[in-house]
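>>> turn this into a structure:
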Amino acid sequence: MGHFALTARLLPLLLATPGSRIATMSGMGHRAASGEADPRLRRPYLRWQSYFHSKLANLLFTAELQCRLATAGVSTVAVAAHPGGSHTDLGTEGSAVLNRAMRSLVPLVAQIAELGARPMLRALTDPAVRGGEFYGPRFVVRGTTAVRETPSRAARRPGGRPPPVGPPRSS
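A predicted model of the protein is given here:
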């Protein structure tokens with residue numbers, strides 16, 4: 001709900017700023033969300049499924065927001081990005097078996113956090129980015145180049161339709 005609340009508060013300023021962007025951080029984990037995105041608390045609480053669902057919800061928010069912005073004919077666009085597998089504390093804190101395994105695996109398979117920031121930086125600054133696009137590392141989990149990706153079918157609007165794409169940006 002935080003993305004929605006912050007966007008709602010900033011929307012008047014964003015709409016008044018030609019070419020503004022609303023960029024939401026998602027994750028490659030959105031592909032692992034089982035079933036529909038469900039904001040209700042689940043019992044029992046499953047932390048990874050809750051995390052995956054939050055990343056799916058971020059993409060659904062971006063797709064619906066882009067649809068509404070395009071329908072309104074405004075120049076503000078909504079985009080999303082994910083950092084791939086980046087060496088951060090995600091999944092490494094705690095004493096569960098998976099946490100201990102992650103502490104050993106993350107340094108071997110994950111990229112440095114600075115590379116994980118590149119997809120969001122591209123989504124925010126590249127003049128060629130269009131509304132509704134989703135960016136991640138070149139090789140999904142890692143990569144020095146940020147590329148446009150296709151989110152999972154569950155992350156697209158009802159019926160699997162992608163959001164309307166915003167107009168090309170002028171430099």
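>>> next structured bit after the helix or strand harbouring Ala80?
If you go by DSSP states H and E, Ala80 is part of strand 77-81. Remark: after strand 77-81, the chain's next helix or strand is helix 97-109, criterion DSSP H and E.
>>> alpha carbons only: can I get that following helix in PDB?
Extracted C-alpha coordinates of helix 97-109, given in PDB (Å, rounded to 0.1, in the frame of the first residue of the first chain):
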ATOM      1  CA  VAL A  97      18.500 -23.100   7.400                       C
ATOM      2  CA  LEU A  98      17.600 -21.100   4.200                       C
ATOM      3  CA  ASN A  99      19.100 -18.000   5.800                       C
ATOM      4  CA  ARG A 100      22.400 -19.800   6.500                       C
ATOM      5  CA  ALA A 101      22.400 -21.200   3.000                       C
ATOM      6  CA  MET A 102      21.800 -17.800   1.500                       C
ATOM      7  CA  ARG A 103      24.700 -16.300   3.400                       C
ATOM      8  CA  SER A 104      27.000 -18.800   1.600                       C
ATOM      9  CA  LEU A 105      25.400 -18.600  -1.800                       C
ATOM     10  CA  VAL A 106      24.700 -14.900  -2.300                       C
ATOM     11  CA  PRO A 107      28.400 -13.900  -2.600                       C
ATOM     12  CA  LEU A 108      28.900 -16.600  -5.200                       C
ATOM     13  CA  VAL A 109      25.900 -16.000  -7.500                       C
END
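>>> list the buried residues for whichever helix or strand comes after it?
Per DSSP H and E, the first helix or strand lying C-terminal to helix 97-109 is helix 113-116. Within helix 113-116, the residues scored as buried using 16 or more other CB atoms under 10 Å are 115-116. C-beta here means a position set from N, CA and C on the backbone, and glycine is covered the same way.
>>> also stretch 140-157?
Quick answer for stretch 140-157 (16+ other CB under 10 Å): 142-143, 146, 148-149, 151, 154-156.
>>> stretch 21-32 too?
Buried-residue list, stretch 21-32, by 16+ other CB under 10 Å: 21-31.
>>> now do that stretch: distance from first to last residue.
27 Å (CA to CA, to the nearest Å).
>>> which residues are contacting that stretch?
3, 7, 14, 48, 51-52, 55-56, 58-59, 61-62, 65, 76-85, 120, 123-124, 129, 134, 136, 140-141, 151-152, 154-155 (CB atoms under 8 Å, 6 or more residues apart in numbering).
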